[in-house]
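1. Pasting the sequence and the predicted model now:
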Amino acid sequence: MAASSQVKAYVACWIQLGKAVMCESPGGSERIQPQSVLSLGSLSQEFHLSWHRVSLDPWHCHLEGTHESLGQLLSPAWEIGSCSRCGLPIPLPATTATAIGPCPCFDLKGWPNSTTVPPRIQDEQFLQVAGLRSMHQRLMDRDRMLDKQDR
């Protein structure tokens, strides 16, 4: 069974490549595609709001170009794995008895592209800077403690 966080990461990666989440209802269909997916090291507020909208009725929402609903992906019948062609997250049946469709990358022209930054769910550069700041702060705190002990 795919965890909610895995399905969320799957959707976030594909939205970064121009896919949308399609939500079908008796009143018509809605295309959900936040413009901003990443912000300050993690998923953006705009993406979180879109995810909340989708999670209200995941059984009627699917990633553009796929057939499995997000509700199905959250069931025990599905797992999130990696596409053997492009390495991005894709739904895989938990058992081999379930037929699967193509990876969402099948209709993206020029993908996979090893010369661009791949989609991600965290801004690694931001996290590295934040980690260095945290380490710097710990060292400064340690120096202050040592200074106080020497007095």
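-> Great, that's in hand. Numbering: from 1, shown residues only.
2. pLDDT weak spots in the chain?
-> Within the chain, the ranges that satisfy pLDDT under 70 run 1, 96-100, 122-132, 151.
3. residue boundaries of the strands in it?
-> Counting by DSSP state E, residue ranges of the strands within the chain are 21-25, 28-32, 38-39, 42-43, 61-63, 78-82, 89-93.
4. Any idea which of those strands gets closest to residue 107?
-> When the strands of the chain are compared for distance to residue 107 using Cβ to Cβ, the nearest one is strand 61-63, at 12.0 Å. (Glycine included, C-beta is placed from N, CA and C.)
5. Next up, the contacts around residue 50.
-> 21, 32-34 (Cβ atoms under 8 Å, 6 or more residues apart in numbering).
6. what's the closest of the residues you listed to residue 14?
-> Here the nearest of these to residue 14, counting by Cβ to Cβ, is residue 21; it sits at 8.8 Å.
7. just so I know, which of the strands of the chain lies nearest residue 114?
-> Residue 114 lies closest, by Cβ to Cβ, to one member of the strands of the chain: strand 78-82, at 15.4 Å.
8. ok and the closest one relative to strand 89-93, angle-wise?
-> Per axes from the mean of the first three to the mean of the last three Cα atoms, to 10 degrees, the angle that strand 78-82 makes with strand 89-93 is 140 degrees.
9. Contacts for strand 78-82, please.
-> Residues outside strand 78-82 that contact it (Cβ under 8 Å, 6+ apart): 1-2, 6-7, 9-10, 68, 72-73, 88-94, 98.
10. Would you mind listing which of those are buried?
-> Neighbour counting by 16 or more other Cβ atoms under 10 Å classes 2, 6-7, 9-10, 68, 72-73, 88-92 among these as buried.
11. separation between residue 32 and residue 135?
-> 39 Å (Cβ to Cβ, to the nearest Å).
12. An error on my part: the question was meant for residue 4.
-> For residue 4, the distance to residue 135 (Cβ to Cβ) stands at 32 Å.
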